[in-house]
Every structure is written in structure tokens, then in C-alpha cells.
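Asks: Pasting the sequence and the predicted coordinates here, then a few questions.
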Amino acid sequence: MNPIRYEDLRIDRVLLKEFQAQLETDFKRIQGHNDTELLLKEFEKIFAAYIGTKSALALNSGSDALQLSLLSGGIKKGDEVILPSVTYPAVPLSVIYAGARPVFVDISSEDLQMDTDAVAAAVTAKTKAILCPHMFARPCAIEEIVALARRSNLLVIEDCCQAESSEHKGKKLGSFADLSCFSFSYYKPLSSSGGGGGMVCFNDPAYQKIRDYTRVWQDDDALLEISRRFARMYLLDLIAIKTKMKYLDKIVQSRVMLRRLYEEGLSGIKGLTIFADKKGDRSVPQNFVVLSRQRDALGEFLYKNGIIWQKPYGPVHAAAIFKKYSRGKFPVSERYGKEALHLPLFSFMKQEECLRVVKTVREFHDKASLK
């Protein structure tokens, strides 16, 4: 029996011919002047319209998108930026790279998103922004957080790197805050050719300055002042994303169907916690997250049965590099770090593969209950 991997790039094999055709078409368009700016601007308009914002900028990565959003919002040394402890390490690093201090808050046991009460309690005179990751493709309480931020004149950035195409009340995530950031890493619904790629979306003309940051390499003094170069999206990544954009509806449908199979198949298992969408939300996941009191034993059982799952990255407040920024307690984040298990879910994963994972998880718990 073939193993079921946490990530599977079969979509790239399926769309290989379309990718080659798009590559040839775009090369012909820029032949002679080798200027990809035209292609980038075209895609930016398409993606902004898809998310529901006025503007977008194509970048080298989601990490660059986060840092540029902070810089363009005026975040500087001495400022504080609130964010959850359960997030990808690149998120707090982007705050540090901008010269500011990350302020971690715990997550909610209800949905693993940043706890809004903890956010409100973390606001100080030094707070200048709230960075809101929509973890595991599900919306955080973005409307509540934006309302809180408006009362204190704070910048709000949506981190949609795990939530591209997900929706809240019929609107795409990324259309609620001042700026939003996206990633197109190879395992995302809309993925690149492997090199990454990212996007910043916004409505306010003030954030057009982000584009200027991508041009500082043309000025030696400006480059030295900002201390690093921010690159635009690479051509091959752009072509891969443009190709998959044509099939995005099918990709989304595939992932939503798999999520529902997991939700239906894994509900009601003692000792296993799953997280379903709230009313008015539609998540388009890149994996399926569960919490298990017997995570390590369950994980070993899955491996033995050919199912390759992924351990979560630990709560960032506990990482050595971030400990000096940590204050308070993070019980739900720490529970996630000990119990979370990310099950395989990828574009065009077969229904029978998903059901095999469900069956194996249930088999483990059935045996455990007999002991």
C-alpha cells in the first residue's frame, strides 16, 4: 500500500503541460526586453480583485510581505506589535527585523486563533500594530480585532499565509484589515513552483510606499539605510501561480471536500479534538489539525500504517530566541504544542486516501479504548 504523505505535489504533475504552455506564452510577450514588470502588474490586478482589495503587490515571499507591511505602516524601534504564540516563527521574526518588539498572546481553546481578550489586555502605550494570522486556514476574530484597533489607532495586518481563499461572512480573508499578506509556498492551495512567492493587499493609497521598498537596490544609500533588499516575485513562481489560478475553483472544492470528510469522520472520538468551521466561515486548509492526548502514540501508529503526518512548530514564546519577549502564561498554546498533529490534506488528494487516514485514526482509538 502506497504511503500517504503530508504534502503531495501531484497537482504540479497534473498541470505540467499547462505550466509549459503558460511559460512559452509569457516568454514570447517579454522577449527582447526581459521585463517581467508587465506580467507582475497584470497578476496583481487579478489577485487584488480576487481577494477584494484595490491594490496588491507581488513579492518574493510571505515573510517579505509581512516585513514590508510593518515597515510601510511606520513600525520602528521601540514599538510593540501584538501577535499569537501559535504561529510560524517568521511572523515574530518579521517584527524583530522591523526593529519592533513582538508581544505574544495566548490562543483560544475554541478555535486555536489568537484570544481577543488577551489581545485587548496586551495593548499598551507602546503598541502600534496587531498582526493577525488566520491559523490553519480558519478566520481569527478579525472584525472584533479591527474594531479594537480602531479605538486605539493601531495598524492591523492580516497574515493570510495559511488562509488564502478562506472566507468570513462571504468575504475573502485579507480584505478586512489595513494590509494583508499571502504566501504561495509549494503546499498552499495556490502554490508556486517551489521558490515561494507572496503578496501584499491593501486599499489605502498610503501603502503604495511598499512598492518603493522593492526598488531601493537601485540606490546604494537607500539600500544601506534599509539594510536589505526586498525582491519581487520570481518569473517561474509567477507562471506557476498564474497557471494554478485558472484551476483555483477546483483546487478549493477539492480541499473543502477533504476537510468535510475529516470533520465528519473524526467527530465524536474520545480524547481527540477537532475544529470545525464556525457559521459564516469557509476554510480552505493546507492540512487538517487535531489535538490528541496520545499524540506521540497515535503518530507512531500512523507512521507504521504509511501515513506521513507533521508535528506542529512549537509555541514561539517558548523558543530560545523569543523568550526575552515573553510575558504571562500561555496554557492553550502549550497544549497545542504537546497535542497537535497535522494530518495530510493536499490538492486533489483522493477521497479514498482521506478515508484511509480517518479509518486509521479511528482504529488507533478503538484499540486504545480496549486497553
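Replies: In hand now; what should we look at?
Asks: Please make it C-alpha for all contacts and neighbour counts, starting now.
Replies: Will do.
Asks: Now the nearest residue to residue 71 once chain neighbours are set aside, what are its backbone angles?
Replies: Nearest residue to residue 71, sequence neighbours excluded (Cα to Cα, 6 or more residues apart in numbering): residue 98, at 6.3 Å. Torsion angles at residue 98 (phi, psi; degrees, to the nearest 10) stand at phi -80, psi 0.
Asks: cool, residue 275 as well?
Replies: Its backbone dihedrals place residue 275 at phi -130, psi 110, with angles given as degrees, to the nearest 10.
Asks: chain center to stretch 45-60: distance?
Replies: Once both centres are worked out by Cα atoms, centre = their mean, to the nearest Å, stretch 45-60 turns out to sit 16 Å from its chain's centre.
Asks: ok, now stretch 286-300?
Replies: Relative to the mean C-alpha coordinate of its chain, stretch 286-300 is positioned 20 Å out (Cα atoms, centre = their mean).
Asks: Would you work out how far apart the start and end of it are?
Replies: With Cα to Cα, to the nearest Å applied, stretch 286-300 spans 22 Å between its terminal residues.
Asks: Now do the buried residues in that stretch.
Replies: Neighbour-count burial for stretch 286-300 flags 286-292, 294-295, 298-299 (criterion: 16 or more other Cα atoms under 10 Å).
Asks: Mind checking which of the residues you listed land in helices?
Replies: With helices identified by DSSP state H, the entries of those that belong to them are 295, 298-299.
Asks: and residue 199, what does it touch?
Replies: For residue 199, the contact set (Cα atoms under 8 Å, 6 or more residues apart in numbering) comprises 56-59, 61-62, 65, 181-183.
Asks: Three-state assignment for it, please.
Replies: For residue 199, the assignment made with DSSP: H, G, I helix; E, B strand; the rest coil gives strand.
Asks: okay, it: pLDDT?
Replies: At residue 199 the predicted local distance difference test score is 95.
Asks: try residue 217
Replies: As summarised for this prediction, residue 217 has a pLDDT of 61.
Asks: on that earlier part again, and of the buried residues of stretch 286-300, the nearest to residue 144?
Replies: Sorting the buried residues of stretch 286-300 by how near they are to residue 144, with Cα to Cα, puts residue 289 at the top with 24.2 Å.
Asks: Residue 317: which of the contacts of residue 199 is nearest?
Replies: For the contacts of residue 199, the minimum distance to residue 317 (Cα to Cα) is 20.9 Å, reached by residue 62.
Asks: ok, the closest one - contacts?
Replies: In this structure, residue 62 makes contact with 161, 181-184, 196-199, judged by Cα under 8 Å, 6+ apart.
Asks: Now render the residues you listed as a markdown table, adding distance to residue 117.
Replies: A markdown table is the format used below for the contacts of residue 62 (distance: Cα to Cα, whole Å):
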| residue | distance to residue 117 |
| --- | --- |
| 161 | 24 |
| 181 | 24 |
| 182 | 26 |
| 183 | 28 |
| 184 | 31 |
| 196 | 34 |
| 197 | 33 |
| 198 | 30 |
| 199 | 30 |
